[in-house]
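>>> Quick one, what's the 3D model for this:
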Amino acid sequence: MAKQTKPTSPRKAAPRRKAAPKTAAPQAPEYTVPDTLSFSATFDTYPAGKYGHKELGLSEDQVIGMYRNMLLQRRFEERAAQMYGKQKIAGFLHLCIGQEAISTGTATAIQIGKDSVITAYRDHGHALALGMSANAGMAEMFGKVGGCSKGKGGSMHFFDKENGLFGGHGIVGAHVPVGVGMAFAHKYKEDGGVAIAFYGDGAAGQGAVHEAANLMSIYELPAILVVENNQYAMGTAVHRAFGQTEFSHWAASYDVRGSVADGMDVFAVVKAMQDAAAHAREFRPTMMEIRTYRYRGHSMSDPQKYRTKEELEAKKNEDPIIRLKAYILNHKITDEKTLDAIDEDVKDEIMAAVEFAEKSPEPDLDAIYDDIYDTRDYPFLA
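You can find the predicted model right below:
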């Protein structure tokens, strides 16, 4: 690979670093047409039921913590839906009910605070999994100053720099290049961090996603692009929208690692992310597909006429929280009474978060431009 020149700021020169050993520039390939041309590739798969907590290096306490966190996401969103119905939450509300294993499994596998996560507008689960408080999340959706974005972002724009969550983004697919840029920053700073960008199956067709995948390959970045395939985008089934529905196969087009995991099994997600993060820290990016299912509509206004009630009921047998609960009981990690107590504790936490959001003040009108423009006097607005 040819030596790359690192970018510099017009005001401050980039820090000098130890020069890498000089190597001969690679020869340009011969662009002649061969007599025959073939291609083969293999992809890593992470099916449900294959992994247990011991082989993943997880303690029993961690397993209980994962169960609590998934319940926290579920109860948080159930209550958010109720508050939306009461018009306490305005704008849009996209729930991730059914997809909790993805966020919890990811948070379990990475180094929170060191690694970076960016996602689309279905962001509540990722925020809670990484450590955001239910208070900060609920207050944000209520548009209050106690929210994680001071009440200015709402449901689609959760942000938690301390825990490495850089949004919550509303423009479909547009955040994925930002995620790759974050991976570039990790490599440039030599801090050992990994950047993970989540997007939905509908966003997989956006050109920005493919441009980002190409760049992470060229620059050998510590990046993981993850399509959360919940099978319907806004309401169009995957097989009706894409010629190649095996999203992991797209990795071959960019000469990066490809993998697919069952997103209804939290242990499968943990293993998939452990492997992807280890590869990323060696500057080997991954395009990952996680197959999941959302039990609610695309948003609160979705009538869900594109799927049958029978399909939805059948899929509830794969509920990741029920699956983990069964695992805990079968392996005698704890008993059902303890799990019920955890659920009650989570419900109390969510109700306290609603009360916190209700009591938190609304943003002051004078703060309307804070955290938006760097200029303090906003002369261009006068």
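>>> Now G52: phi and psi?
phi -120, psi 170 (degrees, to the nearest 10).
>>> quick one, strands of this structure?
44-46, 116-118, 195-200, 223-229, 257-262, 286-291 (DSSP state E).
>>> Can you add mean neighbour count and distance to Y327 and give these back as JSON lines?
No exception for glycine: its C-beta is placed from N, CA and C like everyone else's. JSON lines is the format used below for these (neighbours: other Cβ atoms under 10 Å; distance: least, Cβ to Cβ, whole Å):
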{"stretch": "strand 44-46", "mean neighbour count": "19", "distance to Y327": "16"}
{"stretch": "strand 116-118", "mean neighbour count": "26", "distance to Y327": "25"}
{"stretch": "strand 195-200", "mean neighbour count": "27", "distance to Y327": "24"}
{"stretch": "strand 223-229", "mean neighbour count": "28", "distance to Y327": "22"}
{"stretch": "strand 257-262", "mean neighbour count": "24", "distance to Y327": "14"}
{"stretch": "strand 286-291", "mean neighbour count": "27", "distance to Y327": "19"}
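>>> Could you export those strands as TSV, including mean pLDDT and distance to M141?
Listed next are the strands of the chain as TSV, based on pLDDT from 0 to 100; distance: least, Cβ to Cβ, whole Å:
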stretch	mean pLDDT	distance to M141
strand 44-46	98	32
strand 116-118	98	19
strand 195-200	97	19
strand 223-229	98	20
strand 257-262	98	29
strand 286-291	98	25
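>>> Out of these, which is closest to Y67?
Closest approach to Y67 among these is made by strand 257-262 (17.6 Å; Cβ to Cβ).
>>> Direction included, what does the closest one pair up with?
strand 44-46 (parallel), strand 286-291 (parallel) (DSSP bridges).
>>> picking that back up, the strands of the chain into a markdown table, with extra columns for distance to K86?
Putting these into a markdown table (distance: least, Cβ to Cβ, whole Å) gives the following:
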| stretch | distance to K86 |
| --- | --- |
| strand 44-46 | 40 |
| strand 116-118 | 31 |
| strand 195-200 | 27 |
| strand 223-229 | 28 |
| strand 257-262 | 36 |
| strand 286-291 | 33 |
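>>> M300 is nearest to which of the strands paired with strand 257-262?
Closest among the strands paired with strand 257-262, using Cβ to Cβ: strand 286-291, at 23.7 Å.
>>> want to throw the strands paired with strand 257-262 into TSV with distance to A197?
Below are the strands paired with strand 257-262 laid out as TSV (distance: least, Cβ to Cβ, whole Å):
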stretch	distance to A197
strand 44-46	19
strand 286-291	10
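>>> Select, out of these, the one closest to R307.
Per Cβ to Cβ, nearest to R307 of these: strand 286-291, 15.6 Å.
>>> Can you show me the CA trace of the closest one as PDB?
C-alpha atoms of strand 286-291 as PDB (Å, rounded to 0.1, in the frame of the first residue of the first chain):
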ATOM      1  CA  THR A 286     -16.100  -6.200   8.900                       C
ATOM      2  CA  MET A 287     -19.500  -6.000   7.200                       C
ATOM      3  CA  MET A 288     -21.900  -7.800   9.500                       C
ATOM      4  CA  GLU A 289     -25.600  -8.700   9.100                       C
ATOM      5  CA  ILE A 290     -27.600  -9.400  12.300                       C
ATOM      6  CA  ARG A 291     -30.900 -11.000  11.600                       C
END
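>>> Which parts of the stretch 1-150 of the chain are helices?
Along the stretch 1-150 of the chain, counting by DSSP state H, counting those that start in this stretch, helices occupy 60-85, 100-109, 124-130, 134-141.
>>> Going by contacts, tell me the helices and strands next to the shortest one.
To tie it back to what came earlier, the one meant is helix 124-130. Judged by 3 or more Cβ pairs under 8 Å, 6 or more residues apart in numbering; DSSP states H and E, helix 124-130 is in contact with helix 60-85, helix 100-109, helix 134-141.
>>> same thing but at 10 Å, please
Contacts defined by 3 or more Cβ pairs under 10 Å, 6 or more residues apart in numbering; DSSP states H and E place helix 124-130 against helix 60-85, helix 100-109, strand 116-118, helix 134-141, strand 195-200.
>>> D371 is nearest to which of the ones you listed?
Among the helices and strands packed on helix 124-130, the nearest to D371 by Cβ to Cβ is helix 134-141 (13.4 Å).
>>> what's the spacing between A183 and A109?
17 Å (Cβ to Cβ, to the nearest Å).
>>> Give me the more crowded residue out of the two.
More neighbours sit around A183 than around the other of A183 and A109, counting by other Cβ atoms under 10 Å; the figures are 29 against 21.
>>> how about the helices and strands packed on helix 124-130 in TSV, adding distance to E211?
Shown next, in TSV, are the helices and strands packed on helix 124-130 (distance: least, Cβ to Cβ, whole Å):
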stretch	distance to E211
helix 60-85	31
helix 100-109	24
strand 116-118	16
helix 134-141	30
strand 195-200	13
